[in-house]
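A.B. asks: okay, here's the prediction I keep looking at, along with the sequence it came from:
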Amino acid sequence: MSAVFNFTFVPWFRSVAPYIHKFRNQTFVVGVCGEAIAAGKLPNLAQDLALIQSMGVKIVLVHGFRPQVNEQLRAKGHEAKYSHGIRITDPVALDCAQEAAGQLRYEIEAAFSQGLPNTPMAGATVRVISGNFITARPVGIVDGVDFQHSGLVRKVDVGGISRTLDMGAMVLLSPFGFSPTGEAFNLSMEEVATSVACELQADKLIFITEIPGIRLRPDDAESDDNPIDTELPLAQAERLLAAAAPAQKPTDTGFYLQHCVKACKAGVERSHIIPFAVDGSLLLEVYVHDGIGTMVVDEKLESLREATPDDVGGILQLIEPFEKDGTLVKRDRTEIERDIGHYTLIEHDGVIFACAALYPYPEAKTAEMAALTVSPQSQGQGDGEKILKRVEQRARAMGLDSIFVLTTRTMHWFIKRGFAQVDPDWLPEARKRKYNWDRRSQVLVKKL
């Protein structure tokens with residue numbers, strides 16, 4: 001048993017090491033919906049956040065309290081009222097929100113104070129500091145609806161939050177803000193987290209939510225065979241948002257997505273939507289290659305895009321050295337020009353650093369990823385993985401079940417990323433007829 005554990009643990013731990021190095025000294029803003037706390041997920045979330053902080057990540061934690069406020073309202077015989085997806089905060093609701101926030105802050109601080117031996121929190125020293133870091137303004141009257149004590153973020157005390165983070169403490173924010181006259185306003189967790197992430201220029205904005213992520217087919221959200229879109233380019237997320245109905249409740253496509261898009265457009269490189277129902281979802285999203293929820297990413301930062309006819313020369317220049325040493329099969333200009341629509345690439349300042357082509361075989365519900373190439377100048381920086389993720393995304397959008405590669409030298413790279421070796425007879429008939437038996441390429445398949 002011990003040998004099996006060692007065999008699985010050591011490669012796994014090595015595989016997460018690059019992410020540990022990458023995220024050290026970065027800032028994550030984590031928004032946790034009140035439903036997660038109501039479902040009893042706080043102890044494990046606290047453990048995972050403490051672990052991430054121990055690896056050098058600066059964390060701002062924003063908690064929600066929708067169900068807790070509604071529970072307080074019910075206890076007082078008062079009805080919860082919403083409009084435009086925002087709570088209408090009358091004086092009774094404001095009292096309930098203040099009570100709920102106080103109780104939750106107490107529970108969260110208690111969760112981070114645990115340190116019993118033989119628990120994940122043993123030896124952890126997490127200082128949680130809250131404060132009046134948010135200045136708010138009233139929502140006011142919208143379409144004839146008076147939102148009373150509901151507010152919007154006017155200003156974030158970036159200096160105060162940054163100094164607190166630099167002290168090694170975790171910043172805890174309740175969805176409350178105060179006006180310069182001392183009036184309290186009930187805010188939404190999503191807006192507070194997004195505003196703080198934008199103002200801090202955080203490296204990640206993460207929502208831990210009731211939903212598993214954004215479905216590939218939003219109109220078929222409940223179907224079990226409708227997978228989560230693990231990576232959404234900003235442009236695609238904006239199109240999805242434009243097509244979606246106005247978000248009124250957390251399960252609506254645009255409810256969390258609108259905030260992810262806003263953050264990305266304001267310079268937050270990555271925004272994530274992950275489910276609290278999966279234990280350890282935060283760790284899985286941050287430290288595992290494929291993640292578990294949906295990540296919205298601004299493509300301009302990556303220069304990750306589909307190829308155009310203008311890219312043919314750059315692709316030829318990139319793959320030529322690998323064709324010469326036998327790593328890649330020789331492709332001439334005519335072939336690449338003909339197939340340019342199949343290519344995905346990473347380009348920076350007019351230079352192509354990585355590419356790959358995707359050739360679908362729809363009758364077999366699969367596709368071949370070919371010509372995966374990363375420039376020697378950028379190897380080891382994750383460009384191969386970025387291209388692979390995009391190719392997987394394109395294949396899923398085509399409704400395919402798998403992708404496959406033929407390789408003679410890079411088998412281990414693919415196996416580490418979820419591919420499994422199969423016999424060449426597995427290949428679709430059309431591809432099998434073109435298989436070069438002299439080259440003896442290994443066939444590897446990844447289920448999507």
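C.D. replies: That came through fine. As the structure is a computational prediction, the values presented were derived from the model and not from experiment.

A.B. asks: next secondary structure after the biggest strand by length in the chain?
C.D. replies: Using DSSP state E to assign secondary structure, the strand with the most residues in the chain is strand 351-361. Next helix or strand after strand 351-361 toward the C-terminus (DSSP states H and E): strand 366-374.

A.B. asks: list of residues touching that following strand?
C.D. replies: 318-319, 322, 328, 331, 343, 353-361, 383-384, 387-388, 391, 395, 398, 400-406, 410, 428, 431, 445 (CB atoms under 8 Å, 6 or more residues apart in numbering). The C-beta positions use only the backbone N, C-alpha and C, and glycine is treated the same way.

A.B. asks: quick one: residue 344 from residue 294, how far?
C.D. replies: 19 Å (CB to CB, to the nearest Å).

A.B. asks: the two: which is more packed in?
C.D. replies: The neighbour comparison of residue 344 against residue 294 (other CB atoms under 10 Å) goes to residue 294, with 26 against 23.

A.B. asks: so who does the residue nearest to the more buried one when sequence neighbours are not counted touch?
C.D. replies: Nearest non-adjacent residue to residue 294, counting by CB to CB, 6 or more residues apart in numbering: residue 213, 3.6 Å away. Residues in contact with residue 213 (CB under 8 Å, 6+ apart) are 228-230, 273-275, 292-294.

A.B. asks: need these in a markdown table (columns: distance to residue 439 and secondary structure).
C.D. replies: Formatted as a markdown table, the contacts of residue 213 follow (distance: CB to CB, whole Å; DSSP: H, G, I helix; E, B strand; the rest coil):
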| residue | distance to residue 439 | secondary structure |
| --- | --- | --- |
| 228 | 37 | strand |
| 229 | 35 | coil |
| 230 | 33 | coil |
| 273 | 43 | strand |
| 274 | 42 | strand |
| 275 | 44 | strand |
| 292 | 37 | coil |
| 293 | 40 | coil |
| 294 | 39 | strand |
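
A.B. asks: just the closest of those to residue 262, please.
C.D. replies: residue 273 (13.3 Å; CB to CB).

A.B. asks: any buried residues in stretch 396-416, and which?
C.D. replies: Across stretch 396-416, burial judged by 16 or more other CB atoms under 10 Å covers 396, 400, 402-407, 411, 413-414.

A.B. asks: let me redo that: stretch 242-251
C.D. replies: Residues of stretch 242-251 classed as buried by neighbour count (16+ other CB under 10 Å): 244, 247, 250.

A.B. asks: ok, stretch 67-81 next?
C.D. replies: Neighbour-count burial for stretch 67-81 [16+ other CB under 10 Å]: 67-70, 72-73, 80.

A.B. asks: again, but for stretch 197-215
C.D. replies: So, applying 16+ other CB under 10 Å, buried residues of stretch 197-215: 197-200, 202-215.

A.B. asks: quick one on the thing from earlier: show only the entries of the buried residues of stretch 67-81 found in helices.
C.D. replies: Counting by DSSP state H, the part of the buried residues of stretch 67-81 found in helices is 67-70, 72-73.

A.B. asks: now pLDDT and distance to residue 120 too, for the residues you listed, in a markdown table please.
C.D. replies: Formatted as a markdown table, those follow (pLDDT from 0 to 100; distance: CB to CB, whole Å):
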| residue | pLDDT | distance to residue 120 |
| --- | --- | --- |
| 67 | 95 | 26 |
| 68 | 96 | 25 |
| 69 | 96 | 30 |
| 70 | 95 | 31 |
| 72 | 93 | 31 |
| 73 | 95 | 35 |
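
A.B. asks: if anything else comes up later, I'll come back, but that's it for now.
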